[in-house]
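Peer 1: just a sequence and a predicted model for now, questions to come.
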Amino acid sequence: MMKYGLIGKTLVHSYSKEIHEALGKYEYNLFSLTEKEMPEFINARDFNGLNVTIPYKKAVMSLCDEISPLAKDIGSVNTLYWKSSGSGKDEYRLIGHNTDYEGFLYAAKRAGISFSDKTILILGTGGTSLTVCKAVSDNNASQIYIASRSATANRQKAQQTFLSCPIQQLTYKDLPDIAFDIDVIINTTPVGTYPHNLQSIIHLADFPRCHSVIDVIYNPFKTRLILEAEKAGLKFSNGLPMLVAQATAAAGYFLGMPGTFEKENERIISQLQKQIRNIILIGMPGSGKSTIGKLLSEQTGRTFIDMDQEIEKNEGMSVSELFDFFGEEYFRNREKETAERLGKKHGLIIATGGGTVLNPLNVDALRQNGIIIHIKRPVDCLPTNGRPLSKSKAALYKMETKRLPIYRAAADITFDNSESCSAYQLKKRLQRELNL
């Protein structure tokens, strides 16, 4: 039986199995190994091909028969495959290679990001940082800055390996000194990764010349850094294209057909986006968010969650009662907590309260994994019963005047909820425009 898979220590949130099995060429499994188990597993040589993730990308190098020149330069391996020794005795050697390099360059190209003659800032000094450093150096970057807390790790290695491009290490505290020189920012740190969503080392507003951002994180779909890049109209890429492209590149080496599966990248990226992204419904109270959300849930198989109902369940009273007993500020705090919690999840349909998007932090929390859809309905068609802030048509008109610009700014799509429209039509539009 052919054995392919990923070895690492903690693999709970890995998408590797879905990516490799989407190629339809082999079964792929996840092997969580301790430091003691890892060398025993490799030395048993009972596998056809393996990917390697933290913390073993360096440790496996001594267990290989041969390391590719690229992996030697980078100093880490993420792919193990077999290659004929050429002796004619049907003997094979275990090769250690690094396809993160190929994956990173694919993500950059896909986003239209160039490194030629650019000044690059790389955040972090781990193994991925060295991979990125080599990739941008090989693609004619003019200057590379590598920022970390201490500015010492990997300095000697980088200087030895990438002599063609000036490299300078510095601390995060030193960043203001070079902020006006930076063209491209690349985050290789885990800061902002689930469950510590929406954290960031820097703010893009401090780098006025920056025009492109890459964050190798893929969970959440959009980190704080990517959200800022999107708002500023910059070119950007999250880590999902890199993840997929390095995996399909590895598959090519596993099967002795390098480069064969690159054409599958976009199909698999699209497949994972459908799995990861939430559908977020915003709009005026009574605009039909919950009704449409439930119908979409029936048609797509996604779980539907109504934020107001979620708050009511947790608090043990209705929204109107929460307003009456504790006031609006108390309710908005519970709403913020709910947005933060649900925004970290994947594959949901979430109907927000009418005022959820008034807090920009809620918008970011929901946007990080979501597509935001504004459900629009004429004010004359909106109900007023049981609505603590919209008990009359006059109050509704006043509310719409204030909120409509906020809904429009937050939305990726606006959907008119009239008698001639339906949840089915919204589903078809999502498939057509967003491939969801």
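Peer 2: Received the coordinates, thanks.
Peer 1: give me the phi and psi angles of the closest residue to residue 8 other than its chain neighbours.
Peer 2: Distances taken as C-beta to C-beta, 6 or more residues apart in numbering place residue 53 nearest to residue 8, at 3.9 Å, with adjacent residues excluded. C-betas here are computed from N, CA, C, even on glycine. Dihedral pair for residue 53: phi -130, psi -180, per degrees, to the nearest 10.
Peer 1: how close does residue 53 sit to residue 21?
Peer 2: In this view, residue 53 and residue 21 are 17 Å apart by C-beta to C-beta, to the nearest Å.
Peer 1: quick one: which of the two has more around it?
Peer 2: Set residue 53 next to residue 21 and count neighbours by other C-beta atoms under 10 Å: residue 53 wins out with 18 against 14.
Peer 1: and the longest helix anywhere in the chain, what does it pack against?
Peer 2: If you go by DSSP state H, the chain has its longest helix at helix 393-410. On a contact count with 3 or more C-beta pairs under 8 Å, 6 or more residues apart in numbering; DSSP states H and E, helix 393-410 meets strand 370-376.
Peer 1: now the strand it packs on against helix 393-410, angle please.
Peer 2: For strand 370-376 against helix 393-410, the angle by axes from the mean of the first three to the mean of the last three C-alpha atoms, to 10 degrees is 150 degrees.
Peer 1: returning to that earlier point: what mean pLDDT does the helix or strand following the longest helix of the chain have?
Peer 2: Remark: after helix 393-410, the chain's next helix or strand is strand 413-416, criterion DSSP states H and E. Taken as a whole, strand 413-416 has an average pLDDT of 90.
Peer 1: which elements pack onto the following helix or strand past strand 413-416?
Peer 2: Where DSSP H and E defines the elements, the next helix or strand beyond strand 413-416 is helix 423-434. Helices and strands touching helix 423-434, by 3+ C-beta pairs under 8 Å, 6+ apart, are helix 289-300, strand 370-376, strand 413-416.
Peer 1: quick one: the ones you listed as TSV, columns for mean neighbour count and distance to residue 228 too.
Peer 2: TSV is the format used below for the helices and strands packed on helix 423-434 (neighbours: other C-beta atoms under 10 Å; distance: least, C-beta to C-beta, whole Å):
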stretch	mean neighbour count	distance to residue 228
helix 289-300	19	27
strand 370-376	23	17
strand 413-416	16	22
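Peer 1: out of the ones you listed, flag the one nearest residue 276.
Peer 2: Taking C-beta to C-beta, strand 370-376 is the member of the helices and strands packed on helix 423-434 nearest to residue 276, at 9.7 Å.
Peer 1: tell me the helix or strand right after the lowest-mean-pLDDT helix or strand in the chain.
Peer 2: Lowest by mean pLDDT, DSSP states H and E among the helices and strands of the chain is helix 155-161, with a mean of 51. Next in sequence after helix 155-161, counting helices and strands by DSSP H and E, comes strand 167-171.
Peer 1: other SSEs contacting that following strand?
Peer 2: Going by 3+ C-beta pairs under 8 Å, 6+ apart, strand 167-171 lies up against strand 143-148, helix 155-161.
Peer 1: wait, isn't residue 246 in contact with residue 97?
Peer 2: No - judged on C-beta atoms under 8 Å, residue 246 makes no contact with residue 97 at a distance of 10.5 Å.
Peer 1: list the residues that contact both of these two?
Peer 2: Listed as contacting both residue 246 and residue 97 by C-beta atoms under 8 Å, 6 or more residues apart in numbering are residue 78.
Peer 1: work out for me the element residue 121 sits within.
Peer 2: Per DSSP H and E, the secondary structure element for residue 121 is strand 119-123.
Peer 1: what about the helices in the stretch 101-250 of the chain?
Peer 2: 127-138, 155-161, 224-231, 240-254 (DSSP state H, counting those that start in this stretch).
Peer 1: now mean neighbour count too, for those, in a markdown table please.
Peer 2: Listed next are the helices of the stretch 101-250 of the chain as a markdown table, based on neighbours: other C-beta atoms under 10 Å:
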| stretch | mean neighbour count |
| --- | --- |
| helix 127-138 | 24 |
| helix 155-161 | 15 |
| helix 224-231 | 21 |
| helix 240-254 | 25 |
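Peer 1: nearest to residue 337, of those helices?
Peer 2: Among these, the nearest to residue 337 by C-beta to C-beta is helix 224-231 (18.1 Å).
Peer 1: who touches that closest one?
Peer 2: Applying C-beta under 8 Å, 6+ apart, the external contacts of helix 224-231 come out as 185, 187, 192, 197-200, 202-205, 213, 215, 222, 235-236, 238, 364, 367-368.
Peer 1: again, but for stretch 44-54
Peer 2: Contacts for stretch 44-54 (C-beta under 8 Å, 6+ apart): 2-9, 11, 14, 16, 26, 42, 60, 77-82, 94, 127, 247, 250-251, 253-255.
Peer 1: so how far is the first residue of stretch 49-56 from its last?
Peer 2: 15 Å (C-alpha to C-alpha, to the nearest Å).
Peer 1: off-centre distance for it?
Peer 2: 20 Å (C-alpha atoms, centre = their mean, to the nearest Å).
Peer 1: tell me, how many residues neighbour residue 221?
Peer 2: Under the neighbour criterion other C-beta under 10 Å, residue 221 is assigned a count of 21.
Peer 1: okay, the closest residue to it other than its chain neighbours: pLDDT?
Peer 2: What sits nearest to residue 221 in space, not counting adjacent residues and going by C-beta to C-beta, 6+ apart, is residue 369, at 4.9 Å. In this model, residue 369 is scored at 98, pLDDT.
Peer 1: cool, and residue 395?
Peer 2: Predicted confidence (pLDDT) for residue 395: 82.
Peer 1: can you check the one 3 residues further on too?
Peer 2: As predicted, residue 398 sits at a pLDDT of 90.
Peer 1: is it possible to export the helices and strands packed on helix 423-434 to JSON lines including distance to residue 47?
Peer 2: As requested, the helices and strands packed on helix 423-434 are arranged in JSON lines below (distance: least, C-beta to C-beta, whole Å):
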{"stretch": "helix 289-300", "distance to residue 47": "37"}
{"stretch": "strand 370-376", "distance to residue 47": "38"}
{"stretch": "strand 413-416", "distance to residue 47": "45"}
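Peer 1: so which of these gets nearest residue 351?
Peer 2: That would be helix 289-300 among the helices and strands packed on helix 423-434, by C-beta to C-beta, at 4.0 Å.
Peer 1: packing partners of the closest one?
Peer 2: Judged by 3+ C-beta pairs under 8 Å, 6+ apart, the packing partners of helix 289-300 are strand 278-282, strand 303-306, strand 348-351, helix 423-434.
Peer 1: in the stretch 51-200 of the chain, which segments are predicted with low confidence?
Peer 2: By pLDDT under 70, the weakly predicted segments of the stretch 51-200 of the chain are 86-90, 151-163.
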